[in-house]
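# Here's my sequence, what's the structure:
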Amino acid sequence: MLDGPNQVVLPDQVVIDELPARGTMCRTDLDDAACATNAAKIGPDADDRVGGCDNIRITIPATGPFQIAYFRVSD
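Sure, this is the predicted structure:
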C-alpha cells in the first residue's frame with residue numbers, strides 16, 4: 001500500500017520477510033493490480049488506486065484459536 005506524501009510502500013520487504021517466521025502474516029495487497037480497476041470494491045470504485053479488495057476477517061471466539069479468513073466483499 002502506498003502511504004504518506006513520499007508514496008512509500010508499507011510494509012517494506014524486510015518486514016514482509018521477517019513476519020512469517022514469527023507466525024501468520026495476513027496481507028491486504030494480494031491482488032492490487034486488479035483492485036485499481038475493480039468496479040465493486042470497498043471505497044471508491046475503479047479509482048485507479050489500490051485498496052479495498054483484499055479484506056481479512058479475524059474472529060476471536062470465547063474459546064479456541066483465532067479464525068482468520070480472506071474475503072472479498074463489495075459495497
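# use CA for all of it now, contacts and neighbours both
OK.
# low-scoring stretches of this structure, by residue?
1-9, 74-75 (pLDDT under 70).
# What segments of it are helices?
Taking DSSP state H, the helices of the chain run over residues 13-18, 32-35.
# As JSON lines, these with mean neighbour count and distance to Ala69 would be great.
Below are the helices of the chain laid out as JSON lines (neighbours: other C-alpha atoms under 10 Å; distance: least, C-alpha to C-alpha, whole Å):
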{"stretch": "helix 13-18", "mean neighbour count": "10", "distance to Ala69": "19"}
{"stretch": "helix 32-35", "mean neighbour count": "16", "distance to Ala69": "18"}
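# For Asp45, find the nearest of the ones you listed.
Set against Asp45 and scored by C-alpha to C-alpha, the helices of the chain come closest in helix 32-35, at 9.1 Å.
# mind checking how far the residue nearest to the spatial centre of the chain is from Ala69?
Most central in the chain under C-alpha atoms, centre = their mean is Thr28, positioned 1.2 Å from the mean C-alpha point. Note on Thr28: its distance to Ala69, by C-alpha to C-alpha, to the nearest Å, is 12 Å.
# Mind listing the shared neighbours of these two?
When contacts are counted by C-alpha atoms under 8 Å, 6 or more residues apart in numbering, Thr28 and Ala69 are jointly contacted by Ile56.
# how far is stretch 68-75 from where the chain is centred?
Counting by C-alpha atoms, centre = their mean, to the nearest Å, stretch 68-75 is centred 10 Å from the centre of its parent chain.
# could you dump the helices of the chain to JSON lines with distance to Asp54?
Below are the helices of the chain laid out as JSON lines (distance: least, C-alpha to C-alpha, whole Å):
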{"stretch": "helix 13-18", "distance to Asp54": "17"}
{"stretch": "helix 32-35", "distance to Asp54": "8"}
